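Asks: Structure here, sequence nowhere to be found:
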């Protein structure tokens, strides 16, 4: 065997012995989103340790996942007494915990249940891993992210660059639907989606797709409506048995992997996310989904957008009040929540 081949083999074996990666926690790991998300994370090279937390059921999920032949180790934690140990030393915390939406329910209907869950988990993050990236999936995201921000502020460890509302599913849906309409490859399509993460607060920028398209206005309106109401499409199709779990898990994994790539030092990582910012386009809305640049410290800036089309500007103006109300509702809850 040549010296060069020996050197390559040695480097390969060294890699096996010293696996790099991060500690990731999934809070709500035995639920409809948590299980497929945990599966995808178990198969992600940058995840060294995967911590599964829920009120119950994580032991079975851990046993199941631990049979998969990847180098990611899996641990399970159940109940409030084990939350601190689950979160200790985590680099990324993903929160899908809470109840799913059912037919006839809006995301605001979920608020009364999920608000307290997110507040409690955010307090746990503050106590055990205050430097971690925190990615919130639990609906209504427009309000749960401001809730978490207020709790972290009260705990003295809020870093707006490290708190994200996961809106990747809106992007994934937009990419899929627009690519189908344009007869292009969905994996090559990129549609920026800004605003919030419910109904008409979701604003897909079909004028700024990459690659460019020339969709007629009637198709733009139809696609925008479908993207905004895609969650209801799934809820109704499942007829009371659940909401968007598999697509949400795939989208959440995409966002989590982007966070890990950024933490690992990769340059040029951009994802749409609902974050606190003062960008001019958000026009005074404290939280707003935009394409964000990610690095080791979290949000390092925002990818540029061109001016909105007349139709997009009209949609933005019509949804500002609703999004502002969602944000205010979350902030008020987070400030009054008993820690």
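Replies: Structure received. The model shown is predicted, which means the values in this text are computed figures rather than measured ones. Numbers count the residues shown, from 1 in each chain.

Asks: So what sits opposite the closest residue to residue 224 other than its chain neighbours in the bridge?
Replies: Leaving aside its sequence neighbours, residue 224 sits nearest to residue 204 (CB to CB, 6 or more residues apart in numbering; 5.8 Å). Every residue, glycine included, has its C-beta placed from N, CA and C. Taking DSSP bridges as the rule, residue 204 bridges to residue 193.

Asks: okay, now residue 204: neighbour count?
Replies: 27 (other CB atoms under 10 Å).

Asks: same question, residue 217
Replies: Using other CB under 10 Å, residue 217 is surrounded by 10 other residues.

Asks: Give the full set of residues in contact with it.
Replies: Residue 217 makes contacts with residue 311, as judged by CB atoms under 8 Å, 6 or more residues apart in numbering.

Asks: Against residue 61, how distant is it?
Replies: Separation of residue 217 from residue 61 (CB to CB, to the nearest Å) stands at 47 Å.

Asks: how about the helices in the chain?
Replies: Per DSSP state H, the chain carries helices over the ranges 3-17, 34-42, 58-65, 83-87, 111-128, 141-154, 168-182, 217-228, 230-238, 246-263, 310-336.

Asks: and residue 23, which of the ones you listed is closest to it?
Replies: helix 83-87 (9.4 Å; CB to CB).

Asks: So for that closest one, mean pLDDT?
Replies: Mean per-residue pLDDT for helix 83-87: 98.

Asks: What of stretch 186-196?
Replies: So the average pLDDT for stretch 186-196 ends up being 97.

Asks: Could I get the buried residue list for it?
Replies: Residues of stretch 186-196 classed as buried by neighbour count (16 or more other CB atoms under 10 Å): 189-196.

Asks: Over to stretch 292-301?
Replies: Neighbour-count burial for stretch 292-301, with 16+ other CB under 10 Å as criterion, is recorded at 292-295, 298-299.

Asks: Touching it from outside, list them.
Replies: 133, 159-162, 164, 258-259, 261-263, 265, 267-273, 275, 277, 302-303.

Asks: Between the two ends of that stretch, how far is it?
Replies: One end of stretch 292-301 to the other measures 6 Å (CA to CA, to the nearest Å).

Asks: mean confidence for that stretch?
Replies: Mean predicted lDDT for stretch 292-301 stands at 98.

Asks: Chain neighbours aside, what residue packs nearest to residue 130?
Replies: Spatial nearest neighbour of residue 130, excluding adjacent residues (CB to CB, 6+ apart): residue 157 at 3.7 Å.

Asks: ok so, going back, closest one to residue 105 among the helices of the chain?
Replies: Residue 105 lies closest to helix 230-238 among the helices of the chain, at 7.8 Å (CB to CB).

Asks: So which bits of the closest one are buried?
Replies: Neighbour counts over helix 230-238 (16+ other CB under 10 Å) mark 230-232, 234-235 as buried.

Asks: now stretch 127-142
Replies: Buried residues in stretch 127-142, counted by 16+ other CB under 10 Å: 128-130, 132-142.

Asks: Nearest to residue 181 among those residues?
Replies: Set against residue 181, the nearest of those by CB to CB is residue 141 (26.1 Å).

Asks: The closest one and residue 168 touch, don't they?
Replies: No: with contact defined as CB atoms under 8 Å, residue 141 does not reach residue 168; the gap is 11.0 Å.

Asks: remind me which residues of the chain are low pLDDT?
Replies: Where the chain drops to pLDDT under 70, the residues are 1-20, 106-107.

Asks: mind giving me the domain split of it?
Replies: 3-166, 168-326 (automatic domain parsing).

Asks: mind checking which of these is nearest residue 339?
Replies: Across these, residue 339 has its closest neighbour in domain 3-166 (5.6 Å, CB to CB).

Asks: burial count for residue 218?
Replies: 8.

Asks: can you check residue 313 too?
Replies: Neighbour count of residue 313, defined by other CB under 10 Å: 12.

Asks: how much space between it and residue 210?
Replies: Counting by CB to CB - residue 313 and residue 210 are separated by 20 Å.

Asks: and if you look at residue 230?
Replies: 21 Å.
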